[in-house]
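S.K.: sharing a sequence plus its predicted fold:
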Amino acid sequence: MCGGEGTRLRPLTFERPKPCIPIMNTPSILHLVSHLSNLGFHEVIVTLGYLAGAIEEVLGDGSFLGTDIRYVREREKLGTAGSVKNAQKYLEDRNFLVVGGDHVTDINLLEFYREHQASDAITTIGLIGIDDPSEYGIAEIDVTNRIKRFREKPSPGEIFSNLASTGMYVCTPDIFDYIPSRRKFDFARDLFPRLMEDDKTLNGWLARGNWTDVGSPRSLRHAEHWKLHELGITTISGDLHMSGARITGPVQVKGSLSLGKNTRVVGPVSIGAAAGIGENVLIGPYTTIGEECTIQAGAKIFSSSLYNRVRVGKMSTVSGSIIDNDTKIGDGCSIENDTVLGPRITIGDRVVIHSGTRIWPELEIPTGSIVKEHLLNEKYDLRREGS
């Protein structure tokens, strides 16, 4: 399911859909489809909405991933269940797995599928225990895994379980009898209550492993953190030019890289092609640097994601932040934790951006500024709530 606009991830989704947001310099949906293919899921239906062409361009026909991919477009927003109903003609002959296109996971979904196959449930919901389930659907299950109660986004006093729905389901084709055609209809809000009212069996499957839906900057950073953690060794594809610098692995370099004197890179780190890193720079663990980035002398980058062609000026520090394409940061700046900078922003020298701040594309931040709140550009949609 790849139809959402990704409003909660703005400014990162003005020019790309959520599934195309890079994780370790690779669109996140490539991580997902590759994982599914490795498990044996080779027939993939992708439901498309917002910026559909970008997803088709990334995945193509799926052959390079060992899959056969077909696309179904939505002319209007149909909701999660409605979008699957729109693809019914491809799904009527067998049980099928439903996964969000913005999911990043290493969970054994083949085990999930087989568990459903062995049951009499009309749908099985993948569940995972989390600390704060208030933003998810939650389920109560019995010892047979049958779901006894389900509530979408519970309020305080209604959180009867910390088992949150992952938004991954295995369904029998019978569910199509309960989903109306050509109107908005959601799995959690509409379909599951209808099935339970009709006394249909819904099961839960207790997932083990890493999972996140990339629905917020914080969850995006979390996903990249554990994907970086999977790096086992240092790999360099291309030329490495360094003198007096030091690399402490694991570090993944996807092209030529230049490191200045006395610079230190401490993995896990992923660096794209044609990056240039100056002298006395410190790149800390759990950082991704995109293609053609320039990090100037004395800068420090810690646990951050820099997309393509980002420039970080001399003696500037970036901590726990996401910086989109073609943004330029001046000298002596401090970009604090959980900041998200959109594309083509120009930041002057000695600017401090407080933690948790978002800045919309194409803005200019004057030298010496202290930014304490979101800066929005009225040329772009201002909404940050939603999908």
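M.R.: Noted; the coordinates are in hand.

S.K.: which residue ranges of the stretch 51-200 of the chain form helices?
M.R.: Assigned helices in the stretch 51-200 of the chain, in chain order: 52-59, 79-85, 109-117, 192-197 (criterion: DSSP state H, counting those that start in this stretch).

S.K.: packed most tightly, which of the ones you listed would that be?
M.R.: The highest mean neighbour count among the helices of the stretch 51-200 of the chain belongs to helix 79-85 (a mean of 24), with neighbours defined as mean count of other CB atoms under 10 Å. Yep, even glycine has a C-beta here, placed from its N, CA and C like the rest.

S.K.: the helices of the stretch 51-200 of the chain: which one's closest to residue 229?
M.R.: With CB to CB as the criterion, residue 229 lies closest to helix 109-117 of the helices of the stretch 51-200 of the chain, at 20.4 Å.

S.K.: what's in contact with that closest one?
M.R.: By CB atoms under 8 Å, 6 or more residues apart in numbering, the residues outside helix 109-117 that reach it are 35-36, 39-41, 95, 97, 99, 123-124, 126, 168, 170, 203, 205, 207.

S.K.: same check on stretch 124-134?
M.R.: In contact with stretch 124-134 (CB under 8 Å, 6+ apart) are residues 107, 109, 112, 115-116, 136, 139, 141, 147, 150, 153-156, 159, 161-170, 192, 202-207, 211.

S.K.: which PyMOL command selects the buried ones in these?
M.R.: The buried subset of the contacts of stretch 124-134, as determined by 16 or more other CB atoms under 10 Å, is captured in PyMOL by this line:
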select buried, resi 107+109+112+115+116+136+139+141+147+150+154+161+163+164+165+166+167+168+169+170+192+202+203+204+205+207+211
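
S.K.: which of the contacts of stretch 124-134 fall within strands?
M.R.: Counting by DSSP state E, the members of these that fall within strands are 139, 141, 147, 150, 163-170, 202-206, 211.

S.K.: who touches the residue nearest the centre of the chain in this structure?
M.R.: Centroid-nearest residue in the chain, with CA atoms, centre = their mean: residue 214, separated by 3.2 Å. Under the criterion of CB under 8 Å, 6+ apart, the contact partners of residue 214 comprise 9, 18, 21, 23, 28, 102-104, 220, 223.

S.K.: how about 6 Å then?
M.R.: Contacts here follow CB atoms under 6 Å, 6 or more residues apart in numbering; on that basis residue 214 touches 28, 102, 220, 223.

S.K.: hang on, the earlier thing: identify, from the contacts of helix 109-117, the entry nearest to residue 81.
M.R.: residue 123 (10.2 Å).

S.K.: from residue 228, how far out is that closest one?
M.R.: Distance check for residue 123 against residue 228: by CB to CB, to the nearest Å, it reads 34 Å.

S.K.: tally of neighbours for residue 2?
M.R.: Taking other CB atoms under 10 Å as the neighbour definition, residue 2 ends up with a count of 25.

S.K.: would you agree it is in contact with residue 54?
M.R.: No - counting by CB atoms under 6 Å, residue 2 sits too far from residue 54 to count as a contact (9.7 Å).

S.K.: which among the helices of the stretch 51-200 of the chain is found nearest to residue 250?
M.R.: Closest approach to residue 250 among the helices of the stretch 51-200 of the chain is made by helix 52-59 (25.6 Å; CB to CB).

S.K.: what mean pLDDT does the closest one get?
M.R.: Averaged over helix 52-59, pLDDT sits at 95.

S.K.: ok, now stretch 184-193?
M.R.: 92.

S.K.: what's around the closest residue to residue 61 other than its chain neighbours, how many residues?
M.R.: Counting by CB to CB, 6 or more residues apart in numbering, the nearest residue to residue 61 once its immediate chain neighbours are dropped is residue 69, at 5.7 Å. Other residues near residue 69 come to 18 when the count uses other CB under 10 Å.

S.K.: could you give the bridge partners of residue 69?
M.R.: In this entry, residue 69 is beta-bridged to residue 44, by DSSP bridges.

S.K.: contacts only, for it.
M.R.: Per CB under 6 Å, 6+ apart, neighbours of residue 69: 44, 59, 61-62.

S.K.: give the residue spans of the protein that score low on pLDDT.
M.R.: Low-confidence regions of the chain, defined by pLDDT under 70, span residues 385-387.

S.K.: let me see the domain layout of it.
M.R.: By the assignment in automatic domain parsing, the chain contains the domains 7-222, 231-371.

S.K.: distance to residue 378 for the ones you listed - can I get that in JSON lines?
M.R.: As requested, the domains of the chain are arranged in JSON lines below (distance: least, CB to CB, whole Å):
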{"stretch": "domain 7-222", "distance to residue 378": "13"}
{"stretch": "domain 231-371", "distance to residue 378": "9"}
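
S.K.: would you point to the one among those domains that's packed deepest?
M.R.: Mean neighbour counts were compared across these using mean count of other CB under 10 Å; the top stretch is domain 231-371, at a mean of 20.

S.K.: what's the first-to-last distance across that one?
M.R.: 35 Å (CA to CA, to the nearest Å).

S.K.: how far does that domain sit from its chain's centre?
M.R.: Once both centres are worked out by CA atoms, centre = their mean, to the nearest Å, domain 231-371 turns out to sit 20 Å from its chain's centre.

S.K.: and stretch 377-386, by the same measure?
M.R.: Relative to the mean C-alpha coordinate of its chain, stretch 377-386 is positioned 20 Å out (CA atoms, centre = their mean).

S.K.: which parts of that stretch are buried?
M.R.: By neighbour count, with 16+ other CB under 10 Å as the criterion, the buried positions of stretch 377-386 are residue 377.

S.K.: residues touching it, excluding its own?
M.R.: By CB under 6 Å, 6+ apart, stretch 377-386 touches 7, 10, 14, 360, 362-363, 376.

S.K.: give me the subset of those lying in helices.
M.R.: The subset of the contacts of stretch 377-386 located in helices under the criterion DSSP state H is empty.

S.K.: just the closest of those to residue 335, please.
M.R.: If you rank the contacts of stretch 377-386 by distance to residue 335 using CB to CB, residue 363 comes first, at 14.3 Å.
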